[in-house]
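> sequence isn't available, so here's the structure alone:
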């Protein structure tokens, strides 16, 4: 019953507002809501300062998609923390060209996917910047 109410509400919003997928700002204004608009703005602002944005779940990923459609240069700064079990989340990640770091069937809505993924992001950065290479570690090529 809850899903049916949501589907009806979305269908009605689309019929009444007729958003154009080719106009991300117009679509946001017509059916997006303040939360998605604020998160899209945060993603735009972060990317403008070359700060990565960790997307957590459906709503933040939709906001990331809006930001990337408004300014394609935002896309490389977006990191999908996880794939939510929300029906449309996989489609949004696909539209972003994102492969999530985790796929744990999360649907909690309080940022737990991003909290879990932060450890992976931090570890990845440490490996990238701090891990020794064979040359710097003095490991000789044995020629085998």
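Okay, I see it. Quick caveat, the model's predicted, so the values are computed rather than measured.
> looking at the chain, which helix or strand is least sure?
strand 102-106 (a mean of 82; mean pLDDT, DSSP states H and E).
> just give me the neighbour total for residue 88.
By other C-beta atoms under 10 Å, the residues close to residue 88 number 13. Just so you know, the C-beta spots here come from the backbone N, C-alpha and C atoms, and that holds for glycine as well.
> then residue 108?
10.
> low pLDDT regions in this structure?
For the chain, the stretches with pLDDT under 70 are 109-110, 141-144.
> rewinding a little: can you name the element that comes right after the least confident helix or strand of the chain?
helix 112-130 (DSSP states H and E).
> tell me which other helices or strands that next one touches.
Packing partners of helix 112-130 (3 or more C-beta pairs under 8 Å, 6 or more residues apart in numbering; DSSP states H and E): strand 53-55, strand 82-84, strand 102-106.
> list the buried residues for the least confident helix or strand of the chain?
Using 16 or more other C-beta atoms under 10 Å as the test for burial, strand 102-106 gives residue 106.
> same check, this time on stretch 10-28
Buried, per 16+ other C-beta under 10 Å, within stretch 10-28: 19, 24, 27-28.
> so which of those residues are in helices?
Taking DSSP state H, the ones among these that sit in helices are 24, 27-28.
> one step back: give the partner strands of the least confident helix or strand of the chain in its sheet and their orientations.
strand 82-84 (parallel) (DSSP bridges).
> so which of the helices and strands packed on helix 112-130 gets nearest residue 73?
For the helices and strands packed on helix 112-130, the distance to residue 73 is smallest for strand 53-55, at 12.7 Å, taking C-beta to C-beta.
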